[in-house]
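J.: Model the following, please.
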Amino acid sequence: MERAVWRKATRSGQNGACVEVSRVDTDTVAVRDSKNPAGPVLRFTQAEWEAFLDGMAKREFDTI
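T.: Next up is the predicted model:
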């Protein structure tokens with residue numbers, strides 16, 4: 001993941017408590033904790049990532 005270009009939401013606060021996302025290839029999205037950039041990285045297929053984003057847009061996780 002050395003060549004990964006990590007980005008975070010433009011609305012992220014300055015406290016560093018956010019996630020960063022990187023496109024690994026055409027079918028893989030990587031996610032990491034911005035407070036621990038050397039820590040573990042979660043990888044999702046494009047379909048899994050789109051399902052997550054859809055759930056976020058529909059506020060499916062608001063009760064968690």
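
J.: can you list the weak-confidence ranges in this protein?
T.: 1-2, 16, 64 (pLDDT under 70).

J.: which residues in it form strands?
T.: In the chain, the strands defined using DSSP state E lie at 19-25, 28-33, 42-45.

J.: Next up, the contacts around the closest residue to Phe52 other than its chain neighbours.
T.: Distances taken as C-beta to C-beta, 6 or more residues apart in numbering place Phe44 nearest to Phe52, at 7.1 Å, with adjacent residues excluded. C-beta here means a position set from N, CA and C on the backbone, and glycine is covered the same way. Applying C-beta atoms under 8 Å, 6 or more residues apart in numbering to Phe44 gives the contacts 28-31, 52.

J.: for Gly13, same thing?
T.: So Gly13 contacts nothing (C-beta under 8 Å, 6+ apart).

J.: what's the distance between it and Asp54?
T.: Gly13 is 25 Å from Asp54, where distance means C-beta to C-beta, to the nearest Å.

J.: again with Ala30
T.: Per C-beta to C-beta, Ala30 is found 19 Å from Asp54.

J.: Between the two, tell me which one has more neighbours.
T.: Neighbour totals were compared for Ala30 and Asp54, and Ala30 leads with 18 against 10 (other C-beta atoms under 10 Å).

J.: Would you agree that one is in contact with Pro40?
T.: No - counting by C-beta atoms under 8 Å, Ala30 does not reach Pro40; the two are 10.3 Å apart.

J.: re the thing from before, and the strands of the chain, which is most packed in?
T.: strand 28-33 (a mean of 17; mean count of other C-beta atoms under 10 Å).

J.: who does that one touch, helix- and strand-wise?
T.: Using 3 or more C-beta pairs under 8 Å, 6 or more residues apart in numbering; DSSP states H and E, the elements in contact with strand 28-33 are strand 19-25, strand 42-45, helix 46-57.

J.: could you dump the ones you listed to a markdown table with distance to Val5?
T.: Shown next, in a markdown table, are those (distance: least, C-beta to C-beta, whole Å):
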| stretch | distance to Val5 |
| --- | --- |
| strand 19-25 | 6 |
| strand 42-45 | 15 |
| helix 46-57 | 16 |
